[in-house]
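Colleague: Can you look at this prediction? I've put the sequence above it.
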Amino acid sequence: MDDRKPYIYKSSDFGATWMKVTGDIPTGHPLDYVLSMSGNPNRKGMLFAGTGRAFYYSLDDGAHWTRFKEGLPPAPVSWITVEPRFHDVVLSTYGRGLFILPNITLLEQTGQTAPQVAGVKVFEPAPVFRLARDVFRQFGRPHFTFYLPMAPAGPIDVRVTDAAGKLVKTWQVAGHQGWNGADWDLRYDAPTLVALKTTPPENPYIWEERRFEGTDTRRITHWGITPQTGIPMAAPGRYRVTFTIDGTPHAQPFEVLKDPAVGATDEDLTFSTQTQVRIRDDISETSRLVNQLEIWRRQIEDQVKANAGRKDVLKGLKDLNTAMLDVELKLVSRSEMLSDDKYFPEAYKVYMNLIWLSGGVGMGASDEAGSIDYRPTDTQMEVLNVIEKELAAAKAGFETLQVLTLPAFNKRMAGKAVVRSGSR
């Protein structure tokens with residue numbers, strides 16, 4: 001009774017014999033008695049122990065112990081749970097206090113909380129869960145850890161590719177000498193969006209609005225469309241992250257796992273991601289067509305101003321603008337061209353139908369909750385096929401303008417008015 005020394009015993013013969021493994025845990029304080037302990041299934045010989053006033057870890061089956069202090073004040077540690085999939089350690093402390101030591105892969109791989117590293121090194125990332133939509137906004141980010149012996153000359157390029165080597169996401173991070181980290185939110189690169197350049201006849205003063213001051217393009221917006229709409233989310237599977245530091249790539253594989261709370265199969269989620277990417281690419285293609293038409297039609301606006309009073313030239317410009325607008329209106333509506341569609345005044349065309357469908361299949365849009373955790377429905381796939389047929393028809397009209405109509409106009413108007421066929 002009243003023995004406050006720490007005691008931990010280990011058996012390697014199913015309990016026939018026991019060996020004391022408290023090692024060098026301090027023994028001179030009345031709160032040094034052991035309240036809890038746990039092993040780490042991700043690293044052989046790694047143990048955790050909680051006493052009446054501290055938390056320790058051992059990398060050699062208890063022969064030696066190291067006290068962990070970073071962010072954890074002296075407190076009784078009454079329970080220890082190791083989450084092997086997340087590589088997290090969760091402690092219960094005095095009262096209702098909880099302490100989470102997240103992602104200890106660096107400690108597992110090196111045996112040190114701040115290991116000595118020679119040269120640039122990217123550590124193997126822990127597996128990450130593709131969490132359910134309801135909690136994804138708070139969690140679900142794989143953390144990449146890398147060490148730089150000196151600050152890089154410029155930004156670091158980061159690329160994530162899937163198991164087939166296809167590009168998923170690119171971005172840049174700033175690096176500094178020492179330990180660095182980078183996050184990926186499991187989202188793919190975003191689609192290209194429509195950028196309007198022309199002045200709608202319904203609102204000739206639109207460029208004077210404060211929201212467009214200092215800009216030469218306008219987005220098509222709708223109340224309720226959220227930033228993640230149209231951006232695919234990665235499916236469970238194998239991936240690779242590559243950090244290009246001062247021209248040299250450093251890569252590591254990692255795995256994305258399905259949240260056990262999600263009932264869909266990995267195959268269903270893979271099909272969902274493939275469909276999201278398909279819709280994302282359709283949005284980008286639609287935007288490419290609209291944005292080029294907007295460039296041409298803005299040139300026509302400028303030519304109309306420059307040729308005021310020349311009826312023959314103005315008629316040719318008007319006819320060309322009408323032909324281009326007819327194609328553009330297959331992709332976006334006149335209401336959308338006012339850049340602030342709140343009231344559904346007319347039926348959507350290809351662009352906004354794709355935006356809303358991407359929300360339905362993906363992370364949601366306004367009242368559309370989204371079905372990111374499920375396989376796309378047959379109805380959603382049928383709708384996508386219909387929209388893609390409309391996109392194909394508009395693209396055929398665009399190609400006719402580009403290959404036939406525009407060159408014929410420029411030839412006919414040589415020396416009077418020219419609409420450049422290239423992008424700018």
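Modeller: Looks like it came in fine. Quick caveat: nothing in here was measured; it's all calculated off a predicted structure. Numbering: from 1, shown residues only.
Colleague: center of the chain - which residue?
Modeller: In the chain, the residue lying closest to the centroid (C-alpha atoms, centre = their mean) is Arg187, at 2.5 Å.
Colleague: next one: phi and psi at that residue?
Modeller: phi -100, psi 150 (degrees, to the nearest 10).
Colleague: In this protein, what helix or strand scores lowest on average pLDDT?
Modeller: Using mean pLDDT, DSSP states H and E, helix 133-136 stands out as the lowest-scoring helix or strand of the chain, at a mean of 58.
Colleague: continuing past that helix, what's the next helix or strand?
Modeller: Next helix or strand after helix 133-136 toward the C-terminus (DSSP states H and E): strand 143-148.
Colleague: Dump that following strand to CSV, restricted to CA.
Modeller: Extracted C-alpha coordinates of strand 143-148, given in CSV (Å, rounded to 0.1, in the frame of the first residue of the first chain):
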residue,chain,number,x,y,z
HIS,A,143,0.0,16.2,-44.0
PHE,A,144,3.3,15.9,-45.9
THR,A,145,6.5,16.5,-43.9
PHE,A,146,9.8,17.4,-45.4
TYR,A,147,13.1,18.7,-44.3
LEU,A,148,15.2,21.3,-46.0
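Colleague: quick one: average pLDDT of it?
Modeller: Averaged across strand 143-148, the pLDDT comes to 88.
Colleague: for stretch 18-29, same thing?
Modeller: 92.
Colleague: What is the end-to-end distance of that stretch?
Modeller: One end of stretch 18-29 sits 25 Å from the other (C-alpha to C-alpha, to the nearest Å).
Colleague: As PDB, could you dump the C-alpha coordinates of stretch 375-384?
Modeller: Extracted C-alpha coordinates of stretch 375-384, given in PDB (Å, rounded to 0.1, in the frame of the first residue of the first chain):
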ATOM      1  CA  ARG A 375     -22.300   6.400 -56.500                       C
ATOM      2  CA  PRO A 376     -23.900   8.800 -59.100                       C
ATOM      3  CA  THR A 377     -27.400   7.800 -59.900                       C
ATOM      4  CA  ASP A 378     -28.600   6.600 -63.200                       C
ATOM      5  CA  THR A 379     -30.600   9.800 -63.600                       C
ATOM      6  CA  GLN A 380     -27.500  11.900 -63.000                       C
ATOM      7  CA  MET A 381     -25.600  10.000 -65.700                       C
ATOM      8  CA  GLU A 382     -28.500  10.400 -68.200                       C
ATOM      9  CA  VAL A 383     -28.600  14.100 -67.500                       C
ATOM     10  CA  LEU A 384     -24.900  14.400 -68.100                       C
END
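Colleague: if you average pLDDT over it, what comes out?
Modeller: Stretch 375-384 comes out at a mean pLDDT of 97.
Colleague: in that stretch, what's buried?
Modeller: Arg375, Pro376, Gln380, Val383, Leu384 (16 or more other C-beta atoms under 10 Å). The way it works is simple: take the backbone N, C-alpha and C, and place the C-beta from them, glycine included.
Colleague: what distance separates that stretch from the centre of its chain?
Modeller: 23 Å (C-alpha atoms, centre = their mean, to the nearest Å).
Colleague: Check stretch 363-371 too.
Modeller: 17 Å.
Colleague: what pLDDT, on average, does that stretch get?
Modeller: The pLDDT scores in stretch 363-371 average 83.
Colleague: Name the residues that touch it?
Modeller: 133, 222-226, 228-229, 231, 233, 272, 355-356, 358-362, 372, 377, 380 (C-beta atoms under 8 Å, 6 or more residues apart in numbering).
Colleague: Repeat that for stretch 37-49.
Modeller: 6, 8, 21, 25, 34, 36, 50, 55-62, 65, 80-82, 84, 87, 89, 108.
Colleague: Tell me which stretches of the stretch 101-250 of the chain form helices.
Modeller: Assigned by DSSP state H, counting those that start in this stretch, the helices in the stretch 101-250 of the chain fall at 105-110, 133-136.
Colleague: Let me see the domain layout of the protein.
Modeller: 9-110, 121-191+235-257, 263-412 (automatic domain parsing).
Colleague: mind checking which of those is nearest Glu208?
Modeller: Minimum separation from Glu208 across those (C-beta to C-beta) falls at domain 263-412, 13.1 Å.
Colleague: Can you turn the buried part of the contacts of stretch 363-371 into a ChimeraX selection?
Modeller: What follows is the ChimeraX syntax selecting those of the contacts of stretch 363-371 that are buried according to 16+ other C-beta under 10 Å:
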select :133,222,225,228,229,231,233,272,355,356,358,359,360,361,362,372,380
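Colleague: Ala182: neighbouring residues, count only.
Modeller: 21 (other C-beta atoms under 10 Å).
Colleague: and what of Gly45?
Modeller: So Gly45, with other C-beta under 10 Å, has 13 neighbours.
Colleague: filter the contacts of stretch 37-49 to the buried ones?
Modeller: 6, 8, 21, 25, 34, 36, 50, 55-59, 61-62, 65, 80, 82, 87, 89, 108.
Colleague: shouldn't Val168 be in contact with Thr161?
Modeller: Yes. Judged on C-beta atoms under 8 Å, Val168 makes contact with Thr161 at a distance of 5.9 Å.
Colleague: list residues touching both of these two?
Modeller: Residues touching both Val168 and Thr161 (C-beta under 8 Å, 6+ apart): Tyr239.
Colleague: what's the average pLDDT for stretch 208-224?
Modeller: Rounded mean pLDDT across stretch 208-224 is 86.
Colleague: which other residues reach that stretch?
Modeller: Residues outside stretch 208-224 that contact it (C-beta under 8 Å, 6+ apart): 193-197, 206, 332, 336-337, 339-342, 351-352, 355, 365-367.
Colleague: Mind giving me the packing neighbours of the lengthiest helix in the chain?
Modeller: As assigned by DSSP state H, the longest helix anywhere in the chain is helix 266-306. Identification of packing neighbours for helix 266-306 by 3 or more C-beta pairs under 8 Å, 6 or more residues apart in numbering; DSSP states H and E yields helix 311-328, helix 350-361, helix 378-400.
Colleague: from the contacts of stretch 37-49, which ones fall inside strands?
Modeller: Judged by DSSP state E, the subset of those located in strands is Val34, Ser36, Gly50, Phe55, Tyr56, Tyr57, Ser58, Ile80, Thr81, Val82, Val89.
Colleague: Verify the contact between the third one and Ser78 for me.
Modeller: It stands for Gly50. Yes. Between Gly50 and Ser78 there is a contact at 6.8 Å, judged by C-beta under 8 Å.
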